[in-house]
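Colleague: below: sequence and its predicted model.
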Amino acid sequence: MKMTPITVALGATLIFLSVALANVLIPSVVFRPPPTPNTRPYTAQELEGREVYVKNGCVYCHSQDTRPMDWGEGSGFAAQPGDYAYDSPHLVGSARNGPDLFREGGYHPDDWHWAHFENPRYTRPQSFMPSYSYIKGVERRNLIAYLQCLGGRMGTSRANQQRELKVNLVKYYEKGAGENVAYLNSTLPNDWLAMPNPEPVSRGSVERGRVLYVAYCAGCHGEHGDGRGPAKTYLNPPPMDFTLVQASGARPQEPTSGYHYDYRKNEVSAITNGAIYYVVLYGIPGSAMPQFKGQLPSEKIWDVGNYVGWAFMGWKMEPDSGRIEELAKLNKISKKDRKKPPA
Ligand code: HEC
Ligand code: HEC
């Protein structure tokens, strides 16, 4: 056959069409994976919320596809074809400017989402997600219902658990700071309440902690630790007012009778640094207090706890302690010791 321009164009079109048929049209008709046991149909409200998600282009920044290598993102397990059985069109997405949302359900309670859509900087001061404060009322409720169903039946049950736990948290919040802290302490493992702090409340630790506090906590707990960050308006129970904790007269629960000050545990306040470590690591399920597991390494959690205790709850500083290079700056150690590598 003679290779005229027309033959070439016809041939190319034929090849293109057959590839499109094999890869796009046929699969879209015949590929119907059965739903996985974890998948369920959407409710009417969730579908309305999905509409809001699509209209606002959330998919440009958020994927919905947990991959096998995504361990550690709190995702559970990798996405299966049957997980998308009720999605049309699917919202897998290709960009991850924000976290993957495939199993978002129940990762945060509803009030956290409400504050986050009002302004993401309220819950995460360094977030670059745009504010969606123009999504109001029913629309925002629907959008949140949609997010809380991501992750199928497991996501839904996590979200319901958050709602159940919230009831108790609100009840104890309303009883006042003393009872609230005592209740929260009763939910923490005893070993953690009494965990001695490996990072002394040194000047350096408090300075490092201050930077972390501003970057991660201030939107909720407020610059002055009084729980009056901009997110407060939207949260119930509201963020802990640390300045009330000492005044409330609540004391750490001690197995032995009598209260005495132990500087290694810095037990001036009812919230010990072991308790802070635990709640920062795992969050307080049912409340907006998020988990920082996987975001803040161990030494940073101790540092931010030291800052919270020292700045807002009357913990004492140990000016003669700290990392060797900090002490050198303060001339607290000899020239000879300065050459030692930091412990
Ligand atoms: C410009 C990119 C961008 C867009 C658009 C965007 N987000 Fe985000 N999103 C982010 C980033 C970055 C984060 C992480 C920081 C934070 O928590 O705000 C995030 C976090 C989130 C989280 C919290 C995830 C978690 O588990 O902590 C949710 C839920 C969320 N976005 C939902 C949405 C929804 C719904 C929309 C559309 C209405 C949207 N996002 C649009 C960038 C974006
Ligand atoms: C999105 C809002 C939010 C952010 C961000 C947040 N918290 Fe909280 N936090 C809360 C709420 C709400 C409570 C109160 C829960 C209650 O009273 O039931 C709380 C409670 C606490 C408590 C009291 C725990 C107890 O057992 O008494 C500590 C300590 C705490 N937060 C520390 C921090 C630190 C440190 C950071 C930053 C690394 C932080 N929080 C970030 C919302 C937040």
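Modeller: The structure has been received and is ready for your questions. Ligands and ions are numbered 1, 2, ... in the order given.

Colleague: got a list of what the closest residue to residue 60 other than its chain neighbours touches?
Modeller: What sits nearest to residue 60 in space, not counting adjacent residues and going by CB to CB, 6 or more residues apart in numbering, is residue 95, at 6.0 Å. In short, each C-beta sits where N, CA and C put it, glycine included. By CB atoms under 8 Å, 6 or more residues apart in numbering, the contact list for residue 95 reads 60, 61, 62, 63.

Colleague: and these, which are buried?
Modeller: Neighbour counting by 16 or more other CB atoms under 10 Å classes 61, 62, 63 among the contacts of residue 95 as buried.

Colleague: out of those residues, which is nearest to residue 14?
Modeller: Nearest to residue 14 among these is residue 63, at 35.0 Å by CB to CB.

Colleague: next, the contact list for the closest one, please.
Modeller: Residues in contact with residue 63, defined by CB under 8 Å, 6+ apart, are 92, 93, 94, 95, 96, 100, 101, 102.

Colleague: if we go to 7 Å?
Modeller: 92, 93, 94, 95, 96, 100 (CB atoms under 7 Å, 6 or more residues apart in numbering).

Colleague: again, but for residue 40
Modeller: So residue 40 contacts 152, 153 (CB under 7 Å, 6+ apart).

Colleague: domain parsing for this structure?
Modeller: Domains of the chain are assigned by automatic domain parsing as 44-162, 175-329.

Colleague: now render these as TSV, adding distance to ligand 1.
Modeller: TSV is the format used below for those (distance: least, CB to the nearest ligand atom, whole Å):
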stretch	distance to ligand 1
domain 44-162	3
domain 175-329	7
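
Colleague: dump these into a markdown table; add distance to residue 17 as well.
Modeller: Listed next are the domains of the chain as a markdown table, based on distance: least, CB to CB, whole Å:
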| stretch | distance to residue 17 |
| --- | --- |
| domain 44-162 | 22 |
| domain 175-329 | 47 |
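
Colleague: most neighbours, which of the contacts of residue 63?
Modeller: Top of the contacts of residue 63 by neighbour number is residue 100, holding 20 neighbours under the definition other CB atoms under 10 Å.

Colleague: hmm, back to that, so which of the contacts of residue 63 comes closest to residue 174?
Modeller: Nearest member of those to residue 174, counting by CB to CB, is residue 100, at 36.4 Å.

Colleague: tell me the predicted confidence for that closest one.
Modeller: Predicted confidence (pLDDT) for residue 100: 92.

Colleague: and what of residue 177?
Modeller: The model reports residue 177 with a pLDDT of 83.

Colleague: is it correct that it is in contact with residue 244?
Modeller: Yes. Counting by CB atoms under 7 Å, residue 177 touches residue 244, with 4.1 Å between them.

Colleague: okay, the two: which has more neighbours?
Modeller: Neighbours per residue, other CB under 10 Å: of residue 177 and residue 244, the larger number sits with residue 177, 22 against 19.

Colleague: ok, the more buried one to residue 225 distance?
Modeller: Separation of residue 177 from residue 225 (CB to CB, to the nearest Å): 13 Å.

Colleague: before we move on, what about residue 199?
Modeller: For residue 199, the distance to residue 225 (CB to CB) stands at 19 Å.

Colleague: which members of the buried ones among the contacts of residue 95 occur in helices, if any?
Modeller: Judged by DSSP state H, the subset of the buried ones among the contacts of residue 95 located in helices is empty.

Colleague: save these as JSON lines, and put in distance to residue 214 and pLDDT too.
Modeller: As requested, these are exported to JSON lines (distance: CB to CB, whole Å; pLDDT from 0 to 100):
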{"residue": "61", "distance to residue 214": "25", "pLDDT": "97"}
{"residue": "62", "distance to residue 214": "26", "pLDDT": "96"}
{"residue": "63", "distance to residue 214": "30", "pLDDT": "94"}
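
Colleague: which of those sits closest to ligand 2?
Modeller: residue 62 (18.9 Å; CB to the nearest ligand atom).

Colleague: looking at it, the closest one is touching residue 94, isn't it?
Modeller: No. The criterion here is CB under 7 Å, and residue 62 misses it with residue 94 at 10.6 Å.

Colleague: ok, and the closest non-adjacent residue to residue 47?
Modeller: In this structure, residue 47 finds its nearest non-sequential neighbour in residue 146, 7.9 Å apart by CB to CB, 6+ apart.

Colleague: show me how far the helix or strand hosting the one you found is from its chain's centre.
Modeller: Assigned by DSSP states H and E, residue 146 belongs to helix 137-149. In terms of CA atoms, centre = their mean, to the nearest Å, the centre of helix 137-149 is set 18 Å apart from its chain centre.

Colleague: helices and strands around whichever helix or strand comes after that helix, which ones?
Modeller: Using DSSP H and E, the next helix or strand after helix 137-149 towards the C-terminus is helix 152-174. Here helix 152-174 touches helix 137-149, helix 177-186, going by 3 or more CB pairs under 7 Å, 6 or more residues apart in numbering; DSSP states H and E.

Colleague: switch to 8 Å and redo it
Modeller: helix 110-118, helix 137-149, helix 177-186 (3 or more CB pairs under 8 Å, 6 or more residues apart in numbering; DSSP states H and E).

Colleague: what helices or strands is the helix or strand hosting residue 192 leaning on?
Modeller: Secondary structure from DSSP H and E places residue 192 in helix 190-193. Where contact means 3+ CB pairs under 8 Å, 6+ apart, helix 190-193 is packed against helix 273-282.
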